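Asker: Turn this into a structure:
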Amino acid sequence: MIRLVLRAISASRLSRVAGDYRALVEAMPADRLERIEATFLQSGETLGKAKYLTKRNAYLRRSLSRAIGLGLHRGPRRRILDLGSGAGYFLRVCEHFGHHAVGLDLPPTADEPAEDQRTHRLYAELIAAFELERVFHRILPRQPLPATLAGPYDLITANQASFHYFRLETPWGFRGLARLLRGSAATLGRRRQAVDPAQSHSR
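Answerer: Model (predicted):
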């Protein structure tokens, strides 16, 4: 009997995930994404982050799984801050579940490598296409996030973030990342934080 109940629960959850995934895919701005693909994939330029276009459904599924793992598919509407929001798929899923999600990412600079400039342009196009909110800020070790982010936030996430080691001579390590979140908690007044260190690698 217990096994049958567990199977029923599992089937119900799988049905819910499949339904949310279909809704997310159907709501994607297809025409806008086709124009973005034409700009970045047919230009002849090298784009290291092309995977966020060519494999976007896979990243959408992954973000959906993470959101459900955090319980964002149920419960009250929440304010969420995502550190290192990148292409914005996780923000998109959070908005799908009715939450107010804000992304935080590195600002583009004039002296960064050409490939990084193209990546910033791609992220900007996707964030605009998904109609998401994003704030630019360079995250530094032992410094809390800026109070201008206007908290409080119910949840601070960092999925596949790389700001704590990307192009740094001395990476922070996970302890530095955890310290950042503790300091930011006091500044932003958040009530919960979630970080998956096993998934903290380059976007």
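
Asker: Tell me who's in contact with the residue lying closest to Ser65 once chain neighbours are set aside.
Answerer: In space, and not counting its chain neighbours, Ser65 is closest to Val17: 7.6 Å by C-beta to C-beta, 6 or more residues apart in numbering. Yep, even glycine has a C-beta here, placed from its N, CA and C like the rest. Neighbour list for Val17: 64-65, 68 [criterion: C-beta atoms under 8 Å, 6 or more residues apart in numbering].

Asker: between those, which has the most around it?
Answerer: With neighbours defined as other C-beta atoms under 10 Å, the most crowded of the contacts of Val17 is Leu64; it has 23 neighbours.

Asker: shaky segments in this protein?
Answerer: 1-15, 42-48, 162-203 (pLDDT under 70).

Asker: the helices in it, which residues?
Answerer: For the chain, the helices defined by DSSP state H cover 2-26, 30-41, 51-54, 56-69, 89-96, 114-129, 174-188.

Asker: Determine the set of other helices and strands touching the second one.
Answerer: Which is helix 30-41. Secondary-structure packing of helix 30-41 (3 or more C-beta pairs under 8 Å, 6 or more residues apart in numbering; DSSP states H and E): helix 51-54, helix 114-129.

Asker: what does the first one rub up against?
Answerer: Same thing as helix 51-54. Counting by C-beta under 8 Å, 6+ apart, 33, 36-37, 40-41, 59, 86-87, 89, 122, 126 sit against helix 51-54.

Asker: Would you mind putting these into CSV with distance to Asn159 and neighbour count alongside?
Answerer: What follows is these, written out as CSV (distance: C-beta to C-beta, whole Å; neighbours: other C-beta atoms under 10 Å):
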residue, distance to Asn159, neighbour count
Leu33, 21, 16
Ile36, 22, 19
Glu37, 24, 14
Phe40, 22, 19
Leu41, 24, 13
Tyr59, 10, 21
Gly86, 9, 26
Ala87, 11, 25
Tyr89, 9, 26
Leu122, 18, 21
Leu126, 15, 24
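
Asker: Now render those residues as JSON lines, adding distance to Ala158.
Answerer: Formatted as JSON lines, the contacts of helix 51-54 follow (distance: C-beta to C-beta, whole Å):
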{"residue": "Leu33", "distance to Ala158": "26"}
{"residue": "Ile36", "distance to Ala158": "25"}
{"residue": "Glu37", "distance to Ala158": "28"}
{"residue": "Phe40", "distance to Ala158": "26"}
{"residue": "Leu41", "distance to Ala158": "28"}
{"residue": "Tyr59", "distance to Ala158": "16"}
{"residue": "Gly86", "distance to Ala158": "11"}
{"residue": "Ala87", "distance to Ala158": "15"}
{"residue": "Tyr89", "distance to Ala158": "14"}
{"residue": "Leu122", "distance to Ala158": "20"}
{"residue": "Leu126", "distance to Ala158": "19"}
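
Asker: Same list, the helices and strands packed on helix 30-41, but as CSV with distance to Arg142 please.
Answerer: Below are the helices and strands packed on helix 30-41 laid out as CSV (distance: least, C-beta to C-beta, whole Å):
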stretch, distance to Arg142
helix 51-54, 31
helix 114-129, 25
